[in-house]
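In: What follows is a predicted structure for the sequence shown.
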There are 2 protein chains.
Amino acid sequence: MTITRRLGIVGVGLMGGSVGLAARRSGQFDAILGYDASLSALQQATARGCIDQACPNLAELARSCDTIVIAAPVNLVADLVTQVAAVAPPETLLTDTGSTKERIVRNVESLLPADRLFVGSHPLCGSEKHGPEAARGDLFDGRLVLLTPTPRTTPPAVARASEFWQRLGGRVQSLSPQEHDRVLALTSHLPHLAASALASLLPSEWRAFVANGFRDTTRLASGDPALWAAILNDNAPRLAPVIQQLQARLDEFRSALETGDTAALLRLLADAKGIRDDLGS
Amino acid sequence: MTITRRLGIVGVGLMGGSVGLAARRSGQFDAILGYDASLSALQQATARGCIDQACPNLAELARSCDTIVIAAPVNLVADLVTQVAAVAPPETLLTDTGSTKERIVRNVESLLPADRLFVGSHPLCGSEKHGPEAARGDLFDGRLVLLTPTPRTTPPAVARASEFWQRLGGRVQSLSPQEHDRVLALTSHLPHLAASALASLLPSEWRAFVANGFRDTTRLASGDPALWAAILNDNAPRLAPVIQQLQARLDEFRSALETGDTAALLRLLADAKGIRDDLGS
């Protein structure tokens, strides 16, 4: 296995910045380089110690790193992987942090030579915050990082990506890109959408009456709209059916309330409590 | 204004126990008495210092207190107020902590002589936890406590209840019982129901893939099903229409996704973010 020495991070927001801080803590790299289309993000990431060196252009970063993480909005990931791969050394490991995987991985594989070391990654530790100022070196500690290899992915790429994320504090598990997107539609994309839908109903004159329950339930709605529109659009075919599932379950609640069927209402609440209690705080 | 000296708490769970701890801290009472149908709750509340004295029966508590708070499940509140009022001194202030108000206040007023000092209260600081072990002396600090006077409520009852909750750390505002229930349907009861509906969709084999976003959005689903069935049932006529509002908003999201209308999707997300950001963390 190649001993990695220089890490390149493309996109130094919350996720990329945290990759830098956690990588520094892990001691596995001699240098951490960063590139971002936003100069102020690059400056902040340098000031916060997320990266050692800000690269003025992507090709320079790509040429000199043996591990490169694309931590960009999902609609930009595949293009950036391709641009990086065009100049990076052949043994460079390429991965990303995108919240959707099927389209990204399909596009990357259609554009990249088969011998390039690419595997999709998704650390399950997002936040409604963003930008390098929100980056944290312990972001990945104990968190699941999903790898999404395909039949074309080489075992060394998976092994190196696994080791990389584990050294950053994560736990690693592999799913196919399709299975990943099916799971995340329900566990991440639907909650975001439900939080946004609920928040959007609040009239401004009632904001003073909101307590912690409403805050918790709608917290995700503070996420960046552009980032999330790209994620939700990417996973639209899997998201639409789970929106309908949620609507159908809401119908069951409404029907129990309208008919005064307390037994049904209790059963719905108790089932949900059983599932939620198992998830812990 | 009567100087209150002895506080009686009927129901010493999270809410009643916290009333006791906060009242002790406030120093406004010489003694804090508690009654609960559950002997173990009464013992725990005594052990935790929520109450000074556990009363074996409700009448004994009612006879000897000049302020009495009914902190029981909403379906029991009106009956308990009536039982307490039957034996309490005429100058005793009676209030409650129920999460719904219209039915409770209507029932109490239909059963109680007009000269009794009763006003409905609702501290907006619930939790998915319950029982006296979860009680906190700072539960009300800075939190809004809604009072729900009616044309029949006497000014002294409102003044004494306001002072009581303010000394416990709360901020007080008055709404009619009807307006209270209309607001809470959206700000509290709908979030609970949405959290439960979302949690209930998670297959057990996907629990490992859940991150903080799903946890936050579904936290309320861990609430006690019996307590919440009573609350939701009580407010069913106002809750059903807001469930439909939520479903309609989900339809808008789904339509934007299915038609690839990114502008509409962005607008929906940005509107929700604007509202949620204003609520703070």
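Out: Happy to help now that I have it. It should be emphasised that the depicted structure is a prediction, and the values quoted were computed from it without experimental measurement.
In: In terms of helices and strands, where is the closest residue to A:Ala135 other than its chain neighbours?
Out: In space, and not counting its chain neighbours, A:Ala135 is closest to A:Gly17: 2.9 Å by C-beta to C-beta, 6 or more residues apart in numbering or on different chains. The C-beta positions use only the backbone N, C-alpha and C, and glycine is treated the same way. For A:Gly17, the host element (DSSP states H and E) is helix A:14-26.
In: Check A:Glu163 too.
Out: helix A:155-167.
In: any residues touching that helix, and which ones?
Out: With contact meaning C-beta atoms under 8 Å, 6 or more residues apart in numbering or on different chains, helix A:155-167 is reached by A:1-2, A:4, A:23, A:26, A:28, A:67, A:93, A:95, A:117-119, A:121, A:123, A:140, A:145, A:147, A:149, A:172, A:174.
In: Distance from that helix to the middle of the chain?
Out: Offset of helix A:155-167 from its chain centre (C-alpha atoms, centre = their mean, to the nearest Å): 17 Å.
In: out of the contacts of helix A:155-167, which are inside strands?
Out: Among those, the residues falling in strands (DSSP state E) are A:67, A:93, A:95, A:117-118, A:121, A:123, A:145, A:147, A:172, A:174.
In: Would you reformat those residues as JSON lines and include neighbour count and distance to A:Arg238?
Out: Shown next, in JSON lines, are the ones in strands among the contacts of helix A:155-167 (neighbours: other C-beta atoms under 10 Å in any protein chain shown; distance: C-beta to C-beta, whole Å):
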{"residue": "A:Thr67", "neighbour count": "25", "distance to A:Arg238": "30"}
{"residue": "A:Leu93", "neighbour count": "24", "distance to A:Arg238": "28"}
{"residue": "A:Thr95", "neighbour count": "25", "distance to A:Arg238": "22"}
{"residue": "A:Leu117", "neighbour count": "24", "distance to A:Arg238": "28"}
{"residue": "A:Phe118", "neighbour count": "28", "distance to A:Arg238": "23"}
{"residue": "A:Ser121", "neighbour count": "23", "distance to A:Arg238": "19"}
{"residue": "A:Pro123", "neighbour count": "24", "distance to A:Arg238": "20"}
{"residue": "A:Val145", "neighbour count": "23", "distance to A:Arg238": "21"}
{"residue": "A:Leu147", "neighbour count": "21", "distance to A:Arg238": "19"}
{"residue": "A:Val172", "neighbour count": "17", "distance to A:Arg238": "23"}
{"residue": "A:Ser174", "neighbour count": "15", "distance to A:Arg238": "19"}
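In: okay, these in JSON lines with pLDDT and distance to B:Thr187 next?
Out: Below are these laid out as JSON lines (pLDDT from 0 to 100; distance: C-beta to C-beta, whole Å):
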{"residue": "A:Thr67", "pLDDT": "97", "distance to B:Thr187": "47"}
{"residue": "A:Leu93", "pLDDT": "97", "distance to B:Thr187": "48"}
{"residue": "A:Thr95", "pLDDT": "98", "distance to B:Thr187": "42"}
{"residue": "A:Leu117", "pLDDT": "97", "distance to B:Thr187": "51"}
{"residue": "A:Phe118", "pLDDT": "98", "distance to B:Thr187": "47"}
{"residue": "A:Ser121", "pLDDT": "98", "distance to B:Thr187": "39"}
{"residue": "A:Pro123", "pLDDT": "98", "distance to B:Thr187": "33"}
{"residue": "A:Val145", "pLDDT": "98", "distance to B:Thr187": "36"}
{"residue": "A:Leu147", "pLDDT": "98", "distance to B:Thr187": "41"}
{"residue": "A:Val172", "pLDDT": "98", "distance to B:Thr187": "41"}
{"residue": "A:Ser174", "pLDDT": "98", "distance to B:Thr187": "42"}
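In: Could you export those residues to CSV, including columns for distance to B:Ala199?
Out: Formatted as CSV, these follow (distance: C-beta to C-beta, whole Å):
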residue, distance to B:Ala199
A:Thr67, 38
A:Leu93, 37
A:Thr95, 32
A:Leu117, 39
A:Phe118, 36
A:Ser121, 27
A:Pro123, 23
A:Val145, 24
A:Leu147, 27
A:Val172, 26
A:Ser174, 26
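In: what's the angle from the helix holding A:Gly17 to helix A:155-167?
Out: Orientation check (axes from the mean of the first three to the mean of the last three C-alpha atoms, to 10 degrees): helix A:14-26 against helix A:155-167 gives 80 degrees.
In: Which positions in helix A:14-26 come out as buried?
Out: A:14-24, A:26 (16 or more other C-beta atoms under 10 Å in any protein chain shown).
In: could you say what helices and strands that helix packs with?
Out: Counting by 3 or more C-beta pairs under 8 Å, 6 or more residues apart in numbering or on different chains; DSSP states H and E, the packing neighbours recorded for helix A:14-26 are strand A:6-10, strand A:31-35, helix A:39-47.
In: Comparing the ones you listed, which comes out most buried?
Out: strand A:6-10 (a mean of 26; mean count of other C-beta atoms under 10 Å in any protein chain shown).
In: Report the strands that pair with that strand, each with its relative direction.
Out: Using DSSP bridges, the strands paired with strand A:6-10 in its sheet are strand A:31-35 (parallel), strand A:67-70 (parallel).
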